[in-house]
Structures are given as C-alpha cells and as structure tokens.
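1. Sequence and predicted model, in that order:
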Amino acid sequence: MGFPGTWMTESESVVYRVVPKCACSTIGQILYYSDHGRFFDGDIHDAKEGLHKWALEHSQGPITRNVQGQRSYAFTCVRNPYTRVLSSFFDKICGIQRNGRRYRGNLVPKLAYEYGIEVGGEDGKQEFDQIASFRRFLLFVRDTIRWRRPMDPDIHWSAMSGHVSTFILNGGRYNQIFWTEAFNDGMQGVLDAIETPHPVDLTAIPRFNESEGHGPKRAHPVEDYFDDLSMHLVYEIYKRDFELFKYDFENPANKMPVGEIDLEEVHAKLGE
C-alpha cells in the first residue's frame, strides 16, 4: 500500500499526510515555500516538482525511507466532519471544477437520476433546495462507504480516520495532528518544531482555498442542513472521526473541538 496522500519537502524537513478538504492547498503551499522561498504558481495539487508526493514515482523511495525510519517531523490536519462533508457537497457535487467540467464526469447526472439531487443547474448558479439535495447526498455518501455502491467512496468524503490510518499502518508516526479550525496555532506548532531552508511568517501567508468559488454559496447556517436523520447518518459514517479528533457530534452548529487530540489513542486505534 505504501504511503498514499503523503507529501514531503525536498529538504526532508517535514512530512505531511494530506487529508482532503482540510486546508491541504494552504499547507502544501507553505511546505513548498519553506523549501523554495516562493509559492508554486498554480494549484499545489498540480505540482510535479519542488515537493515530494507519493503519487510521483520518483518520490516513493525517499518518502518510504523517511517515514519508516521516522526521520522527520510528521503531521496532518483534520476538520469538523459536519463542515467537511458539507464543503465536499458544494465543491465537488455542485461546483464546476478547475478543468471547466463537473467532478468525475457522469457522477452528477447519476446522482440527479438515482438520488434526486439538484446542483443549481448547468453552471451551479441557479436557485435550488440546498438542504433537501444535501440530505440526499448524505444517503449517497453512506451507500458508497457502507456498501461501496454505486461507486467506491471518494477521498473527499471518506472518513478522515481512514486517511490518517494508512500512514500509521505502514510504519509512520505522527508528531502532531491539528485542527483546521485552529489552523494558525497548529501550523505554527509544526513550524516551531522544524528547521526550514526559508523562514515562514504565517501571518503573511495567504489562504489558498482552491475550491472557493467552484460552486454555489451556502445559503443557510451549517446546523440547518442536519436534521435528526442526517445527524444519524453522519455519526454512522464518521463516528471514529468525532471520537478521535474530539469534535462535537451533538451540535452541528459548534464547529470547534471539545477536547484535546490524544496522539497515543490515535496511534493505538488506527494502527490496529
């Protein structure tokens, strides 16, 4: 299996396990900047040089040696499951992607036909019942995760604990896991723990939200999208995420964590 979703600076100052929809564009650009003193020109997910990525064949050897030898500081970043799945819906299902097309080709027409999901018309700009469509999307997410149909779960809405665990199962160990909701504190903790070729001033770093503007704006507060049934589905799908990363399942309006992440618990439960 190796280390899917793992990025590492070329200087090997730090290793990062990407969790989709958790500030990964900003984190990737910070890592790139810390090595080169400039940002990657474009979406960091498209970079084929300047940053080791597991998806690039020439990077797999250096990443494997580093991670299995636990040579560098390793971290990841997580996000409230309610806001993460909601963001996936607006970006990936309702939005037009950076290639000018719908995400995954025929996925959206399939969802419209099989689940009755609306996405705001051809350009994602028309009015539609966001709450009803999102709740139908949640049924689809549950079906992909529980029964792997009508397709395998997508990385953008599969559980964070699944992403985080592959790193541990193959011999990696995290030095830090921080929350998107407390991004500056968490990222500063990483930067304080490592030596980088170029200093990084977090206060001067822009936010690289590559999904911003892809889809329609969210028209309601987060909690309005989740009724009792939706909350039940979210808990069924993301139970381990709530428990391990200390988010508040009872209150979708509270995006902030309610406890501290216990790294020992994460390694024990996700390393089984």
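-> Structure's in. What do you need?
2. Going by C-alpha atoms from here, please, whenever you check contacts or count neighbours.
-> Noted.
3. Tell me who's in contact with Ser25.
-> 43-45, 208-210 (Cα atoms under 8 Å, 6 or more residues apart in numbering).
4. for Cys94, same thing?
-> Each residue near Cys94 by Cα under 8 Å, 6+ apart is listed here: 119-120, 124, 214-216.
5. how about 7 Å then?
-> The neighbourhood of Cys94, defined by Cα atoms under 7 Å, 6 or more residues apart in numbering, consists of 119-120, 124, 215-216.
6. Among the residues you listed, which one has the most neighbours?
-> Counting neighbours by other Cα atoms under 10 Å, Val119 leads the contacts of Cys94 with 27 neighbours.
7. all helices for the chain, in order.
-> 24-36, 57-68, 81-88, 107-115, 130-147, 160-169, 183-193, 228-245, 263-270 (DSSP state H).
8. Quick one: distance of the second one to the chain centre.
-> Offset of helix 57-68 from its chain centre (Cα atoms, centre = their mean, to the nearest Å): 22 Å.
9. One more: the last one?
-> When C-alpha coordinates are averaged (Cα atoms, centre = their mean), helix 263-270 and its chain have centres 19 Å apart.
10. can I get the helices of the chain in CSV with mean pLDDT and distance to Thr203?
-> As requested, those are exported to CSV (pLDDT from 0 to 100; distance: least, Cα to Cα, whole Å):
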stretch, mean pLDDT, distance to Thr203
helix 24-36, 97, 12
helix 57-68, 97, 29
helix 81-88, 96, 24
helix 107-115, 91, 38
helix 130-147, 95, 35
helix 160-169, 97, 27
helix 183-193, 97, 8
helix 228-245, 97, 26
helix 263-270, 98, 27
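11. Same list as before, these that is, but in a markdown table and with distance to Tyr16 included.
-> Conversion of the helices of the chain to a markdown table gives the following (distance: least, Cα to Cα, whole Å):
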| stretch | distance to Tyr16 |
| --- | --- |
| helix 24-36 | 9 |
| helix 57-68 | 10 |
| helix 81-88 | 19 |
| helix 107-115 | 30 |
| helix 130-147 | 25 |
| helix 160-169 | 10 |
| helix 183-193 | 10 |
| helix 228-245 | 17 |
| helix 263-270 | 15 |
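12. what pLDDT does Asn106 get?
-> Looking at Asn106, its pLDDT is 86.
13. Report how many residues lie close to Glu57.
-> 9.
14. one step back: inside strands: which ones of the contacts of Cys94?
-> The members of the contacts of Cys94 all map outside strands under DSSP state E.
15. Phe137: which of those residues is nearest?
-> Closest approach between the contacts of Cys94 and Phe137, by Cα to Cα: Val119, at 10.5 Å.
16. give me phi/psi at that closest one?
-> Val119 adopts backbone torsions of phi -130, psi 10, taken as degrees, to the nearest 10.
17. Could you pull up the contacting residues of it?
-> Per Cα under 7 Å, 6+ apart, neighbours of Val119: 93-94.
18. Renumber starting at 21 from here on
-> From this message on, residue numbering opens at 21, which makes the last subject Val139.
19. Against Gln49, how distant is Ala67?
-> Plainly put, Ala67 is 10 Å away from Gln49 if you go by Cα to Cα, to the nearest Å.
20. what's around Lys266, how many residues?
-> 18.
21. Pro101 is in contact with Trp199, correct?
-> No: when contacts are counted by Cα atoms under 7 Å, Trp199 is not listed as touching Pro101 (11.4 Å).
22. so what's Gly141 scoring on pLDDT?
-> At Gly141, pLDDT is 78.
23. Glu138 too?
-> For Glu138, pLDDT reads 91.
24. Pull the contacting residues for it.
-> Listed by Cα under 7 Å, 6+ apart, the contact partners of Glu138 are 132, 148, 153.
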